[in-house]
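Enquirer: no sequence for this one, just the structure:
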């Protein structure tokens with residue numbers, strides 16, 4: 001499970017990095033846009049919607065990991081933790 005958690009943390013890091021690029025950046029400050037994007041994506045994962053989270057991920061993310069790899073790592077690392085009670089960023 002340690003390896004799966006490391007992969008998960010690496011993938012979250014990539015996602016947050018990728019949130020800093022995109023058309024919304026021209027209209028809003030980068031930090032709020034990145035925060036909103038990452039919160040929405042994390043909410044999908046927290047609710048077990050791993051397929052939806054994968055679909056919403058950046059293309060760069062999808063090049064790094066397949067949908068099956070993502071779902072497998074999430075089931076192995078996230079599911080045993082149970083329901084998210086709170087999150088503070």
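Expert: Nice, I can see it. Since we're looking at a predicted model, the values are computed, not measured.
Enquirer: what ranges does this structure have for its helices?
Expert: 2-18, 30-46, 50-56, 59-64, 67-77 (DSSP state H).
Enquirer: and the nearest residue to residue 52 once chain neighbours are set aside, what's its pLDDT?
Expert: Among residues not flanking residue 52 along the chain, residue 44 sits closest, at 5.0 Å (Cβ to Cβ, 6 or more residues apart in numbering). From N, CA and C alone the C-beta is placed, and that goes for glycine too. Confidence at residue 44, expressed as pLDDT, is 93.
Enquirer: so how many other residues sit close to residue 44?
Expert: When neighbours are counted by other Cβ atoms under 10 Å, residue 44 registers 17.
Enquirer: list the contacts for it?
Expert: 50, 52, 53, 56 (Cβ atoms under 8 Å, 6 or more residues apart in numbering).
Enquirer: how near is the last one to residue 33?
Expert: What that stands for is residue 56. 14 Å (Cβ to Cβ, to the nearest Å).
Enquirer: and those two? Which one has more around it.
Expert: Set residue 56 next to residue 33 and count neighbours by other Cβ under 10 Å: residue 33 wins out with 18 against 15.
Enquirer: circling back to that earlier point, next, format the helices of the chain as a markdown table and append distance to residue 87.
Expert: Listed next are the helices of the chain as a markdown table, based on distance: least, Cβ to Cβ, whole Å:
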| stretch | distance to residue 87 |
| --- | --- |
| helix 2-18 | 12 |
| helix 30-46 | 7 |
| helix 50-56 | 15 |
| helix 59-64 | 20 |
| helix 67-77 | 16 |
